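*Asks:* What shape does this take:
(2 chains)
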There are 2 protein chains.
Amino acid sequence: MHDYNYYLRLVDGAINNIQYPKNPSKLYEPIAYTMNQGGKRVRPVLTLMTCEAMGGNLDDAINVALGIELFHNFTLLHDDVMDRADIRRGQPTVHTRWNENVAILSGDTMLNMAAQAISKVDDDILPAMVKLFNDTAIKVYEGQQYDMDFEKRNDVTVEEYINMIRLKTSVLLGCACKAGALVARTDEENAESIYNMAVNLGLAFQLQDDYLDVWGDPVTFGKEIGGDIVNNKKTFLLINAIDRSAGNDAIELNRWLADTSSPKQEKIQAVTALYEKLGLKDLARNAIVNYSHNALDLLHETKMSYDAYKVFDGIINRLVDRDR
Amino acid sequence: MHDYNYYLRLVDGAINNIQYPKNPSKLYEPIAYTMNQGGKRVRPVLTLMTCEAMGGNLDDAINVALGIELFHNFTLLHDDVMDRADIRRGQPTVHTRWNENVAILSGDTMLNMAAQAISKVDDDILPAMVKLFNDTAIKVYEGQQYDMDFEKRNDVTVEEYINMIRLKTSVLLGCACKAGALVARTDEENAESIYNMAVNLGLAFQLQDDYLDVWGDPVTFGKEIGGDIVNNKKTFLLINAIDRSAGNDAIELNRWLADTSSPKQEKIQAVTALYEKLGLKDLARNAIVNYSHNALDLLHETKMSYDAYKVFDGIINRLVDRDR
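*Replies:* Residues are numbered from 1 along each chain as shown, chains lettered A, B, ... in the order given. From the prediction side, this is the model:
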């Protein structure tokens, strides 16, 4: 086994080697732009790691890893159009730099490029790989649709929220790992264990994102604190707050949700104080720890060497105990 | 072999049998709405026809046919967003009836549903089917991008135009036929013949669309005549007119292209007269006949029974000598 940066270098090498057709340039330049914006490359690294941990050959997994990263970046591209987001990783989004039509069509192209890359595997594992990819993609869209639906609802339950982030974020991490397991030709049970490990890891990761937006250190978190509060974003915290507040707490929460005139910092401080009063800091921390432990338990169930286990264990701690 | 309507009924039956998940409803209702809007179902019918003509089993081809129709309808859905088209088949488009985000995400979902349907084939033909599908999809997007690029250019060559319609329209007809040939497990050469037959058929069909917009009978054509002229649409005719006009003809053409105040009918009559003066009616007619003849020649090269040949021959004549 190798360390995270070793796999990351392989992934970045493969991304740099993609040969984009020259024309039509408005179709392919935005794809190259998107793929070259960087990022942690967590998903393709997980594919390579899983493949190697389960005795597979990295050369056989690199195109699959690339396909998963292409798919992930396609979803970000279309999501940015839907969310009217202007900036991604410090640079203008594709629909801002070019236009919306370019973003839609380049995205569609990336999706089929992803499917092409995913299918560069031996014939014996192609059926399972194609099924995994298409099933996962549709779940991710369902998650994005629920996320948009929730913006307009005030009665979202915690269970619905967890299901949404499972679909929108976690199943792709599961897919990344399972794809590596398929290339390694591990048995079905082992592939399911690593899939479920990654789904739990994804849930812990997303809940931590919600947590850090409120209680993170702005310097290490790398972005402003309180953005979710200012935007009334339906996070794990806000949904629990709506669910658990009563009497004066509920009145105060609703007042802040309706507020559009107070200074940002005042709203952030007041809502954070209310979250703490309602016990949500501990609640969130416990949920994150629980999902991380589930991930570790499932990791324990998978058949891999101790050497490989330690690398995954390190990744789980790196992703979940991160403060940025 | 059977007639067109027999295959059409099979396709419509399969479309009616699609089980859409209930939730999220904003993701799946627009897909059901799109698929139930009707249409000629030319592509899936071609898949079934080809499969049967080449000795395959229709039951083995129906999901593939369905996948191709899902893909085609997905492209219409996203194209309508890009073209800001409000009406499709007499009904509001998805982005008009719901909104743009719904259209983008439902479209993405249809694309992976198409890929799922396409891959419901025996393992031995899956690699070729997946490759055909992804390669074709990307060509279709390239065609759409060129089409949008051409709106802003005045130096589009006839060759570029033919390449654009080949990508945007014809290769999907080729894919539809080749997919049926793959299910029938015909040899590679035969699959290529039917593919190229359909590509030529598609070119004839698209050029005829340009032709009928100018010289069609409004009653049988089913839509207003002259829409392309009013909108300065870069059709085979306008591109040839720009290419072939000189002196006063060129001045007049440019005046009409810049005109925004004259009554529509006046512009349509003047530009039609200019097209006729430049010999474009014959030029277009000859091009249509040439591509149809190519299609018939290629049909002749494919190995199928005389019975099957006659059905395809009928389709070519039905599609290309249509006056609506």
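
*Asks:* A helix includes A:Val156, no?
*Replies:* No. Per DSSP: H, G, I helix; E, B strand; the rest coil, A:Val156 lies outside any helix segment and is coil.

*Asks:* pLDDT score for the residue nearest to it when sequence neighbours are not counted?
*Replies:* Among residues not flanking A:Val156 along the chain, A:Phe150 sits closest, at 4.9 Å (CB to CB, 6 or more residues apart in numbering or on different chains). C-betas here are computed from N, CA, C, even on glycine. The per-residue pLDDT reported for A:Phe150 equals 95.

*Asks:* if I read this right, A:Phe150 contacts A:Thr157, doesn't it?
*Replies:* No. Under the criterion of CB atoms under 8 Å, A:Phe150 is not in contact with A:Thr157, lying 10.3 Å apart.

*Asks:* Name the residue in those two with the higher neighbour count.
*Replies:* Each of A:Phe150 and A:Thr157 has its neighbours counted (other CB atoms under 10 Å in any protein chain shown); A:Phe150 has more, 17 against 12.

*Asks:* Okay, and the more buried one sits in which element?
*Replies:* Assigned by DSSP states H and E, A:Phe150 falls within helix A:126-151.

*Asks:* So which bits of that helix are buried?
*Replies:* For helix A:126-151, a neighbour-count test (16 or more other CB atoms under 10 Å in any protein chain shown) marks A:126-130, A:132-134, A:136-150 as buried.

*Asks:* What pLDDT does the model give A:Val219?
*Replies:* Confidence at A:Val219, expressed as pLDDT, is 76.

*Asks:* Report how many residues lie close to it.
*Replies:* A:Val219: 8 neighbours (other CB under 10 Å).

*Asks:* swap in A:Lys233?
*Replies:* Residue neighbour count, defined by other CB under 10 Å, stands at 15 for A:Lys233.

*Asks:* so which strand or helix has it?
*Replies:* A:Lys233 belongs to no helix or strand, assigned by DSSP H and E.

*Asks:* so what's the backbone phi/psi at it?
*Replies:* Note on A:Lys233: backbone dihedrals following degrees, to the nearest 10 are phi -70, psi 130.

*Asks:* could you check the distance from it over to A:Gly226?
*Replies:* 10 Å (CB to CB, to the nearest Å).

*Asks:* cool, and A:Ala295?
*Replies:* For A:Ala295, the distance to A:Gly226 - CB to CB - is 28 Å.

*Asks:* which of these two has more neighbours?
*Replies:* Taking other CB under 10 Å, A:Ala295 and A:Gly226 do not tie; A:Ala295 has more neighbours (27 against 18).

*Asks:* for the more buried one, helix, strand, or coil?
*Replies:* Strictly by three-state DSSP, A:Ala295 counts as helix.

*Asks:* Next up, the contacts around it.
*Replies:* Taking CB atoms under 8 Å, 6 or more residues apart in numbering or on different chains, we find A:Ala295 in contact with A:197-198, A:200-201, A:204, A:316, A:320.

*Asks:* again with A:Gly143
*Replies:* Counting by CB under 8 Å, 6+ apart, A:Gly143 has contacts A:164-169, A:171.

*Asks:* Keep the residues you listed, but drop any that are not near chain B.
*Replies:* Restricting the contacts of A:Gly143 to those within reach of chain B (CB under 8 Å from any CB of the partner chain) leaves nothing.

*Asks:* Please list only the buried members of these.
*Replies:* Buried among the contacts of A:Gly143 by 16+ other CB under 10 Å: A:164-169, A:171.

*Asks:* what's near enough to touch the closest residue to chain B within the stretch 201-324 of chain A?
*Replies:* Nearest to chain B, among the residues of the stretch 201-324 of chain A, is A:Lys234, at 14.9 Å (CB to the nearest CB). Listed by CB under 8 Å, 6+ apart, the contact partners of A:Lys234 are A:150-151, A:153, A:156, A:161.

*Asks:* possible to save those as TSV with distance to A:Asp187?
*Replies:* What follows is these, written out as TSV (distance: CB to CB, whole Å):
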residue	distance to A:Asp187
A:Phe150	38
A:Glu151	42
A:Arg153	42
A:Val156	38
A:Tyr161	34
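
*Asks:* B:Val102: which of these is nearest?
*Replies:* Lowest distance from B:Val102 to those (CB to CB) belongs to A:Glu151, with 13.3 Å.

*Asks:* quick one, what contacts the closest one?
*Replies:* Per CB under 8 Å, 6+ apart, neighbours of A:Glu151: A:Lys234.

*Asks:* mind checking how far it is from A:Val140?
*Replies:* With CB to CB as the criterion, A:Glu151 and A:Val140 are 18 Å apart.

*Asks:* cool, A:Asp59 as well?
*Replies:* Here A:Asp59 is placed at a distance of 27 Å from A:Val140 (CB to CB).

*Asks:* And stretch A:182-202, what's buried?
*Replies:* For stretch A:182-202, burial by neighbour count (16+ other CB under 10 Å) applies to A:182-184, A:186, A:190-202.

*Asks:* anything in it near chain B?
*Replies:* No. Against chain B, stretch A:182-202 shows no contacts by CB under 8 Å from any CB, the least distance being 14.4 Å.

*Asks:* what does the average pLDDT come to for that stretch?
*Replies:* Mean predicted confidence for stretch A:182-202 is 97.

*Asks:* is it true that A:Tyr275 touches A:Ile239?
*Replies:* No. Look at A:Tyr275 against A:Ile239 with CB under 8 Å: they stay out of range, at 11.5 Å.

*Asks:* helices or strands next to the worst-scoring helix or strand of chain A on mean pLDDT in the packing?
*Replies:* When each helix and strand of chain A is scored by mean pLDDT, DSSP states H and E, helix A:218-221 comes last, with a mean of 74. Judged by 3 or more CB pairs under 8 Å, 6 or more residues apart in numbering or on different chains; DSSP states H and E, helix A:218-221 has no packing partners among the helices and strands.

*Asks:* Helix or strand next in line after that helix, which one?
*Replies:* Using DSSP H and E, the helix or strand that follows helix A:218-221 in sequence is helix A:227-230.

*Asks:* So for that following helix, what gets flagged as buried?
*Replies:* Buried residues in helix A:227-230, counted by 16+ other CB under 10 Å: A:228-230.

*Asks:* List just the nearest of those to A:Ala284.
*Replies:* Looking across these and measuring by CB to CB, the closest to A:Ala284 is A:Asp228, at 12.2 Å.

*Asks:* hang on, isn't the closest one packed against A:Asp209?
*Replies:* No. Counting by CB under 8 Å, A:Asp228 stays clear of A:Asp209, with 9.0 Å between them.

*Asks:* Run through the stretch 151-300 of chain A and note the low-pLDDT ranges.
*Replies:* For the stretch 151-300 of chain A, the stretches with pLDDT under 70 are A:221-222.

*Asks:* Just the helices from it, written as ranges.
*Replies:* Counting by DSSP state H, counting those that start in this stretch, the stretch 151-300 of chain A has helices at residues A:158-165, A:171-183, A:188-215, A:218-221, A:227-230, A:236-244, A:247-258, A:264-277, A:280-301.

*Asks:* For the longest one, enumerate the helices and strands it packs against.
*Replies:* So that's helix A:188-215. Partner elements for helix A:188-215 (3+ CB pairs under 8 Å, 6+ apart): helix A:158-165, helix A:171-183, helix A:227-230, helix A:236-244, helix A:264-277, helix A:280-301, helix A:306-320.

*Asks:* which of these is buried the deepest?
*Replies:* Highest mean neighbour count of the helices and strands packed on helix A:188-215: helix A:171-183, a mean of 28 (counted as mean count of other CB atoms under 10 Å in any protein chain shown).

*Asks:* Give me the helices and strands touching that one, please.
*Replies:* Against helix A:171-183 (3+ CB pairs under 8 Å, 6+ apart) you get helix A:42-53, helix A:58-82, helix A:126-151, helix A:188-215.

*Asks:* Pipe the ones you listed into a markdown table and attach distance to B:Thr34 per row.
*Replies:* Below are these laid out as a markdown table (distance: least, CB to CB, whole Å):
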| stretch | distance to B:Thr34 |
| --- | --- |
| helix A:42-53 | 31 |
| helix A:58-82 | 18 |
| helix A:126-151 | 15 |
| helix A:188-215 | 31 |
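
*Asks:* Before I go, just wanted to say thanks for your time.
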